[in-house]
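> Fold the following for me, if possible:
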Amino acid sequence: MKKEMFFCMIWLNACSKEELQQCKKQSSQYSQGLKTCKQLTAQQKKELGKLADSLRKAKSEMATLGEKNKTLQAELTKLKQSPQYHYEQAIKAMAAAKDSKSEQKVIVQFKALGSRFPNSLIVPHAQKKIQELEKKISDRQAALDTAQQSLRSLIKQCKSLTKQSAAIEERGLVFNRNNQLNMNVAMKASRKARKVRNQAEAAKEKGKLLLKTTPDPDGKLKDELLTCDHAE
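Numbering: from 1, shown residues only. Predicted coordinates:
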């Protein structure tokens, strides 16, 4: 009985040591985890502090930019009330204008400047620009009229030569008493008519080249040119 109790005490002591070692191990792991957690918490606090500083700095910069923007807006509003601003806007529109219609709109801008600021020293400059634009529009119209007139002349020439060619061929249709065609006369007339047709075709080709650079809003000139060598 005493022997059994002795072995039982040895077993209990051994068991307690193992449990104690396990407990120490768990305690060490817990301490390490707690230490790591504290380090991470400190790092997060530090990062949050940096973010808070950045946010405060950004807000300060935004407030500064807001004030600058208000100042610029006030200056822009004031500038828009000046004749210089309207003159520069018209100059930009003048540079961008590509045809008479858009140039007419720019003329309206310059005239509006003169009406709004009649006593401004910039008005004479605006009037000079109006004269430049009006001359440009006039010159363009004159060039257009000349080009269209040249095209009409070629169309007329093509039609006339085509008509002549047809008349020559018709005059070459000579028959004898037996109602037989005089081939010599017909061949001679055909060769002569061919030369005249070639002249008509040459006038038509010149017209096609001219048409590429000549405005034809309603397409009538093009239609007349394409059919100018059609015999009536």
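> right, and residue 97 touches residue 108 too?
No: assessed by CB atoms under 8 Å, residue 97 is found out of contact with residue 108, at 11.7 Å. (C-beta placed from N, C-alpha, C; glycine too.)
> residue ranges with poor pLDDT in the protein?
Low-confidence segments of the chain, defined by pLDDT under 70: 1-27, 29-31, 33-34, 37, 63-64, 66-80, 232.
> again, only using 80
1-56, 58-81, 217, 231-232 (pLDDT under 80).
> In it, what residue spans correspond to helices?
Per DSSP state H, the chain carries helices over the ranges 2-80, 83-96, 100-116, 123-171, 183-211, 220-226.
> just so I know, which of those helices lies nearest residue 177?
helix 183-211 (14.8 Å; CB to CB).
> residues contacting residue 185?
172, 174 (CB atoms under 8 Å, 6 or more residues apart in numbering).
> now the one 3 residues further on
Contacts here follow CB under 8 Å, 6+ apart; on that basis residue 188 touches residue 172.
> And for residue 204?
Applying CB under 8 Å, 6+ apart, the residues contacting residue 204 are 154, 158, 225, 228-229.
> same thing but at 6 Å, please
158, 228-229 (CB atoms under 6 Å, 6 or more residues apart in numbering).
> what's the distance between it and residue 228?
As judged by CB to CB, to the nearest Å, residue 204 and residue 228 stand 6 Å apart.
> One more: residue 41?
Taking CB to CB, one finds residue 41 at 95 Å from residue 228.
> Which one of the two is surrounded by more residues?
residue 228 (21 against 10; other CB atoms under 10 Å).
> Please name the nearest non-neighbouring residue to the more buried one.
Counting by CB to CB, 6 or more residues apart in numbering, residue 228 lies nearest to residue 158, which is 3.7 Å off, once chain neighbours are set aside.
> List the residues that contact that neighbour.
Per CB under 6 Å, 6+ apart, neighbours of residue 158: 200, 203-204, 228-229.
> now with 7 Å?
Counting by CB atoms under 7 Å, 6 or more residues apart in numbering, residue 158 touches 200, 203-204, 207, 228-229.
> Now render these as a markdown table, adding distance to residue 189.
A markdown table is the format used below for the contacts of residue 158 (distance: CB to CB, whole Å):
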| residue | distance to residue 189 |
| --- | --- |
| 200 | 16 |
| 203 | 21 |
| 204 | 22 |
| 207 | 27 |
| 228 | 22 |
| 229 | 18 |
